[in-house]
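Student: structure here, sequence nowhere to be found:
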């Protein structure tokens, strides 16, 4: 951790992993970077040292209708395994998981269940309604 610029003081605090599924592919994840920054600030204020790492995400909506759909459910296991590996390999004292979407949330919950450390899951919440041709659209209006 020293090579990353962490000080002795930071390394003597609880190391809290921040597993963030932010990416620029899934519309429901675009705001997770902002949430992660707030989470890390809260960890620092509480006396911990946040260490963020990325987690993959597969969007069912984008993966539908082609070869990519084979990876949707499998990604759940990969997410759980990778979080478990990162957390165990780097000896985190606690974990904050920031997911969205239907395979990523359970993948992160599975990882939290496997690890014997305090864990908190903070979902990014539902996507906001959109607009099409100047008209507001939501889940009800598209059906």
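Tutor: Received it, and whenever you're ready, just let me know what you need. Please read these numbers as outputs of a predicted model, since none were measured by experiment.

Student: what about the strands in the chain?
Tutor: 15-20, 49-54, 94-98, 119-121, 130-132, 135-137 (DSSP state E).

Student: let me have those in TSV, extended by distance to residue 113.
Tutor: Glycine gets a C-beta too; all of them are placed from N, C-alpha and C. Output for the strands of the chain, formatted as TSV (distance: least, CB to CB, whole Å):
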stretch	distance to residue 113
strand 15-20	14
strand 49-54	19
strand 94-98	11
strand 119-121	8
strand 130-132	34
strand 135-137	37
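
Student: to residue 31, which of these lies closest?
Tutor: With CB to CB as the criterion, residue 31 lies closest to strand 94-98 of those, at 10.2 Å.

Student: that closest one pairs with which strands, parallel or anti?
Tutor: strand 15-20 (parallel), strand 119-121 (parallel) (DSSP bridges).

Student: most packed of these?
Tutor: Mean neighbours per residue, mean count of other CB atoms under 10 Å, is largest over the strands paired with strand 94-98 for strand 15-20, with a mean of 24.

Student: what about it, distance to the chain center?
Tutor: Between the centre of strand 15-20 and the centre of its chain there are 9 Å (CA atoms, centre = their mean, to the nearest Å).
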